[in-house]
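>>> Below are the sequence and a predicted model; questions follow.
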Amino acid sequence: MFPKRCGTCHAAAMHPSVTQVAPLLGVWRGQGHGSYPTIADFDYDDEVVFTEVGKPFLHFVQRTTISGEPRHTETGYWRTVGPGEIEICLALPTGQVEVGIGTATATEGVLSLETEADDYCTPRAKYVSRTVRRLRVEGDTLTYEVLMAAVGQELTLHLRSTLTRVQS
Ligand code: HEM
């Protein structure tokens with residue numbers, strides 16, 4: 001058993017399985033670029049927050065703005081299910097939920113994650129069937145790509161973003 005509580009600060013101790021993805025923790029801000037064959041390219045301001053509560057998952061929230069106006073947001077869990085193995089369970093207010101599996105690999109100070117997910121859509125949502133996410137953390141820099149198969153298109157890049165950790 002690992003200690004549930006740190007005796008000095010009363011914060012929950014990190015779950016051992018979360019240590020493999022601990023470089024993701026914190027508040028990240030940066031700029032992203034979006035594209036898709038069916039829409040015009042766009043740039044966005046990006047905020048991503050990963051937190052842990054002593055359980056075998058990270059909580060994840062993303063908030064984006066374009067010209068200061070709120071745009072896409074999403075939230076969910078990155079579950080640490082085994083050594084190098086993760087699962088994601090994410091919800092989007094545009095009517096999709098994303099559930100899938102992935103890997104986490106740490107090599108020479110770089111944490112790389114790749115997930116592949118099926119998407120389930122509410123009846124009136126735009127149709128998204130599959131999503132692939134690639135994340136890379138090196139020090140205080142987080143980069144990610146999101147590819148999706150949606151609205152009749154094959155798996156294609158939708159987002160690419162680079163963020164800096166502004167709070168641990
Ligand atoms: C995994 C996350 C995301 C999914 C599954 C997703 C999905 C989609 C889909 C299905 C479309 C419609 C394409 C069409 O109608 O031809 C779209 C459009 C768009 N997405 Fe995303 N998106 C995601 C994340 C984001 C993020 C982070 C932004 C940042 C601002 C963003 C901004 C946009 C914009 C500006 C459009 C075009 C206009 C619109 O439909 O609002 N998306 N996205």
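Okay, I see it.
>>> For the chain, which residues score under the pLDDT cut-off?
Low-confidence segments of the chain, defined by pLDDT under 70, span residues 1-11.
>>> Closest to the centroid, which residue in it?
Residue closest to the mean C-alpha point of the chain, counted by Cα atoms, centre = their mean, is Phe60 at 6.3 Å.
>>> Now whatever helix or strand it lives in: buried residues?
Here Phe60 sits within strand 57-66, counting by DSSP states H and E. Residues of strand 57-66 classed as buried: 57-58, 60, 62-64 (neighbour count, 16 or more other Cβ atoms under 10 Å). Every residue, glycine included, has its C-beta placed from N, CA and C.
>>> all strands for the protein, in order.
26-36, 39-51, 57-66, 69-82, 85-91, 96-107, 110-121, 128-138, 141-150, 156-167 (DSSP state E).
>>> Including distance to Ser17, could those go into JSON lines?
As requested, those are exported to JSON lines (distance: least, Cβ to Cβ, whole Å):
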{"stretch": "strand 26-36", "distance to Ser17": "19"}
{"stretch": "strand 39-51", "distance to Ser17": "15"}
{"stretch": "strand 57-66", "distance to Ser17": "9"}
{"stretch": "strand 69-82", "distance to Ser17": "4"}
{"stretch": "strand 85-91", "distance to Ser17": "9"}
{"stretch": "strand 96-107", "distance to Ser17": "10"}
{"stretch": "strand 110-121", "distance to Ser17": "14"}
{"stretch": "strand 128-138", "distance to Ser17": "17"}
{"stretch": "strand 141-150", "distance to Ser17": "20"}
{"stretch": "strand 156-167", "distance to Ser17": "22"}
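>>> how about those in a markdown table, adding distance to the ligand?
Shown next, in a markdown table, are these (distance: least, Cβ to the nearest ligand atom, whole Å):
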| stretch | distance to the ligand |
| --- | --- |
| strand 26-36 | 5 |
| strand 39-51 | 4 |
| strand 57-66 | 4 |
| strand 69-82 | 3 |
| strand 85-91 | 8 |
| strand 96-107 | 5 |
| strand 110-121 | 7 |
| strand 128-138 | 5 |
| strand 141-150 | 4 |
| strand 156-167 | 5 |
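>>> can you tell which of these is closest to Pro16?
Pro16 sits nearest to strand 69-82 of all the strands of the chain, at 9.0 Å, using Cβ to Cβ.
>>> Now do that closest one: distance to the chain's middle.
Remark: strand 69-82 is offset 5 Å from the chain centroid, using Cα atoms, centre = their mean, to the nearest Å.
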